[in-house]
Structure formats: C-alpha cells, structure tokens
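> Predicted model follows, preceded by the sequence.
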Amino acid sequence: MPTKTNTLEERLVSHPELKQHLLKLLEFAESDIDSADRIEELMVEGIKEFGRQAIQDWAQRKESNKSQ
C-alpha cells in the first residue's frame, strides 16, 4: 500500500495503464473541441475505461498476493 507521502506521479509509476487513461482524459479537457456534448461523451467514456482498468489492476494485484 502506498504511503500518504507518495505523489500521484510516484504512484502512477506502478500503474502505467492508469496513467495513460488519465493522460487521455487530460487531452480531452485541453482539446479544442467546441461541443460540450462531445466533450462530455468523451469524458464519461474515458472515466468508465479508467474505472475498468483500475478494477483490473486491483484484481491482478489481489490474485498476485494470493499466489505468493
């Protein structure tokens, strides 16, 4: 379990897939897309993808801990 003193960047080193999802969300937020509806659609789907990846990372970590 990471300590509270670890920065977000330090913690994301252990989760490269999650880091990529966060960077994708930031790209949406910084994009030049003019439609609020389109940005909302992209962000909602991106957050869902982030959640799926987070659950997958969690499950893999649990499985790894069980086998050790």
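In hand now; what should we look at? Residues are numbered from 1 along each chain as shown.
> Measure how buried K48 is and give me the count.
10 (other C-beta atoms under 10 Å). (C-beta placed from N, C-alpha, C; glycine too.)
> cool, K62 as well?
Using other C-beta under 10 Å, the number of residues around K62 comes to 10.
> before we move on, what about the one 4 residues further on?
The criterion is other C-beta under 10 Å. On that basis, K66 has 7 neighbouring residues.
> and the gap between it and A59?
Spatial separation of K66 from A59 under the definition C-beta to C-beta, to the nearest Å is 11 Å.
> Which pLDDT value goes with T3?
We have a pLDDT of 64 for T3.
> go on, E10?
93.
> So which other helices or strands are in contact with the strand or helix carrying it?
Applying DSSP states H and E as the criterion places E10 in helix 8-12. Helices and strands touching helix 8-12, by 3 or more C-beta pairs under 8 Å, 6 or more residues apart in numbering; DSSP states H and E, are helix 16-29.
> how about low-confidence regions in the chain?
1-3 (pLDDT under 70).
> Longest helix in the chain, by number of residues?
helix 36-67 (DSSP state H).
> roughly how far is it from the heart of the chain?
Here helix 36-67 is found 6 Å from its chain centre; the criterion is C-alpha atoms, centre = their mean, to the nearest Å.
> Tell me which other helices or strands that helix touches.
helix 16-29.
> From E41, how far out is S35?
Applying C-beta to C-beta, the value for S35 to E41 is 9 Å.
> Same drill for these two, tell me which one is more crowded.
When neighbours are counted by other C-beta under 10 Å, S35 and E41 differ, and E41 comes out ahead with 13 against 9.
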